[in-house]
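Q: got a predicted structure here, sequence first:
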Amino acid sequence: MEKKQQTPVKKPLTSADVARKAGVSRATVSYVLNNVQNNHVSEETRAKVLRVAQELGYQLHSSAQALRKGYSNEICIMHDLQTSVNDAEIQFYMQQNIQRMGYVPVHYYMGGLSEERRKELLLQICARRPAALFVMPGCITEDGIEQARRMGIQHIVLLTAEEIGKDTFRLPTVSLPTREMGYLAGRHLLELGHRRLAIVKPFQERHIPAFEHRLEGMKRAIAESGKEGISLEVFSLHMEMQEAHDLIDKRFQQEDRPTGIYTFNDEYALPLLAALLDRGFRIPQDVALVGTDDVFFSRFVRPALTTIRFNNAAIGEHATEIAAKLIQGEPIPETLTQPLTVELIRRSST
C-alpha cells in the first residue's frame, strides 16, 4: 500500500524573514512596522522594509503589537445605526485617512442596541486596545467614556454638531457648524424675496439638537434682515411620500402657505420636492426649496436642488489629524477643533 506524501507545513513568517530579505536588523523591522520614529532609520530603509513585508505578505500580529505598544493598530469609529448619505461620506474620508496613517479602521454601529448590549460591546471594543476611538454623542455615555479610559483607551475624539456633548464629555472635538447652515439658508430665501418661510424637522431623535441649531440660524437671519412681517413655520416630516403628500394637501392649499422651505438634509427635500410637483406646484416659482449636505443626487434631480455643502473631506482630515496628534503625544492645534465653514450651492430649486 502506497504511502501518500505529506505536504510539508510552511512555517509562519516572522520579522526575521523580513529582516533577512531586506538586509536589516529585526529591530529596524520592528521600528518600521510599529511606526516608531527612529533617527537611525532612513526613509529609504523604511520604504524598503515596507516593500519587503508586502512582498512576503507579512503582517504584525495585532495582539502582540497591542501588548508591546499598549495599543493595537486599530482605530475605531462608533456610529449610530441610522446613517445618512452625508454621514457615510464623512466615514469614507475618515477611513481613507486612518489607512494613510498606517492603522486599520474598524466601524461599530451602536444604534438599536439595548443599554446592556451597548455596555458589552464597548467592553469588547476596549479589550481590543484600539489606538484611538471616535465617538458621537448618541453612541456613548459619560460612564462609557470613563470605562474606556479605565481600560486604557486614552485617545478619544468627539464628532458632533457644534458644541453638542462637548462640555459633557470634555473631549477633543470636531465640530460641524450647524447654526451657520440655517443662517445661510434663511438669508438666501430672504434675499430672494420670500417672507413666509418654513423649516422641516427630522423625525430621528438623534438629529433634534442639530435641527434646533439650524432653526436658531434661520431666526438670526430673519432678525438681521430688519424686515417685518416674516413668518417661520416648523413642519415635522418622515421620509415617506404619503406623509409629504398629506402635508402639501393640508397646508399648501392655503393662500398663506410658505413659499421658501429649508429641509434638514437633502434626503428630506426629495419627498417634499416630489409631492409639490405631484400637486402642480412650480419649483421655484411657487415654492423655493433648500436642502443640506450636497449629497451626490442633489444635482441630478429636477429641478436641481439648492443646498448647503459641508467640506466632508476636511471633516475626515481634521478628525484623523487630531487622533494622530493624540497618539504621538503632541498638542492639538486650535485650528483643528474650530467649526468648519459651510457653503451655499445655488441650483434651480431656488
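A: Okay, I see it. All values reported here derive from a predicted model rather than from experimental measurement.

Q: skip the chain neighbours and tell me the closest residue to Arg279.
A: The spatially closest residue to Arg279, leaving aside those adjacent along the chain, is Ile248, at 5.0 Å (Cβ to Cβ, 6 or more residues apart in numbering). In this view, the C-beta of every residue, glycine as well, is placed from N, C-alpha and C.

Q: next up, the contacts around that neighbour.
A: Shown in contact with Ile248 (Cβ atoms under 8 Å, 6 or more residues apart in numbering): Leu272, Ala275, Leu276, Asp278, Arg279, Phe281.

Q: again, but for Ala161
A: Contacts here follow Cβ under 8 Å, 6+ apart; on that basis Ala161 touches Ser175, Leu176, Thr178, Pro209, Ala210, His213.

Q: try 10 Å
A: The contact partners of Ala161, by Cβ atoms under 10 Å, 6 or more residues apart in numbering, come to 136-137, 175-179, 181, 207, 209-214, 339.

Q: among the residues you listed, which one lies nearest to His318?
A: When these are ranked by distance to His318 (Cβ to Cβ), Ser175 comes first, at 9.3 Å.

Q: neighbours of that closest one, how many?
A: Other residues within reach of Ser175 by the criterion other Cβ atoms under 10 Å amount to 19.

Q: surely it meets Gln338?
A: Yes - the criterion here is Cβ atoms under 10 Å, and Ser175 meets it with Gln338 at 7.3 Å.

Q: overlap in contacts, those two.
A: Common contacts of Ser175 and Gln338, defined by Cβ under 10 Å, 6+ apart, comprise His318.

Q: which ones are touching Glu116?
A: Counting by Cβ under 10 Å, 6+ apart, Glu116 has no contacts.

Q: tell me which element it falls in.
A: Under the assignment given by DSSP states H and E, the secondary-structure element containing Glu116 is helix 115-127.

Q: mind checking how far that helix is from the chain centre?
A: The gap between where helix 115-127 is centred and where its chain is centred comes out at 21 Å by Cα atoms, centre = their mean, to the nearest Å.

Q: now swap in stretch 315-333 and tell me
A: Averaging C-alpha coordinates over stretch 315-333 and over its chain gives two centres that are 15 Å apart (Cα atoms, centre = their mean).

Q: sort out which residues of that stretch are buried, please.
A: Under the neighbour-count criterion of 16 or more other Cβ atoms under 10 Å, stretch 315-333 has 315-327, 332 buried.

Q: assign the residue sitting nearest the centre point of the chain to helix, strand or coil.
A: Taking Cα atoms, centre = their mean, the centroid of the chain lies closest to Ile90, which sits 3.9 Å from it. Under the three-state scheme (DSSP: H, G, I helix; E, B strand; the rest coil), Ile90 adopts helix.

Q: equivalent analysis for Ile308, please.
A: Classified using three-state DSSP, Ile308 is strand.

Q: and it, how far is that from Arg179?
A: Noted for Ile308: a distance of 12 Å to Arg179, by Cβ to Cβ, to the nearest Å.

Q: Asp266: which of the contacts of Ala161 is nearest?
A: Within the contacts of Ala161, distances to Asp266 taken as Cβ to Cβ reach their minimum at Met181, with 12.1 Å.

Q: okay, and the beta partners of the closest residue to the closest one other than its chain neighbours?
A: With sequence-adjacent residues excluded and distances taken as Cβ to Cβ, 6+ apart, Met181 is closest to Ile308, at 4.6 Å. The residues paired with Ile308 through beta bridges, assigned by DSSP bridges, are Thr292, Leu344.

Q: ok, now Val234?
A: Per DSSP bridges, the residues bridged to Val234 are Ile199.

Q: my read is that it contacts Ile208, right?
A: No - if you go by Cβ under 10 Å, Val234 and Ile208 don't touch, sitting 11.6 Å apart.

Q: show me where pLDDT drops low in this structure?
A: In the prediction, the chain carries residues with pLDDT under 70 at positions 1-11, 34-39, 59-70, 81-83, 162-169.

Q: got the domain ranges for it?
A: The record's domain parsing of the chain by automatic domain parsing lists 15-60, 69-177+313-340, 178-310.

Q: pull out the buried positions in the helix holding Glu116.
A: By neighbour count on 16+ other Cβ under 10 Å, the buried set for helix 115-127 is Arg118, Leu122, Ile125, Cys126.
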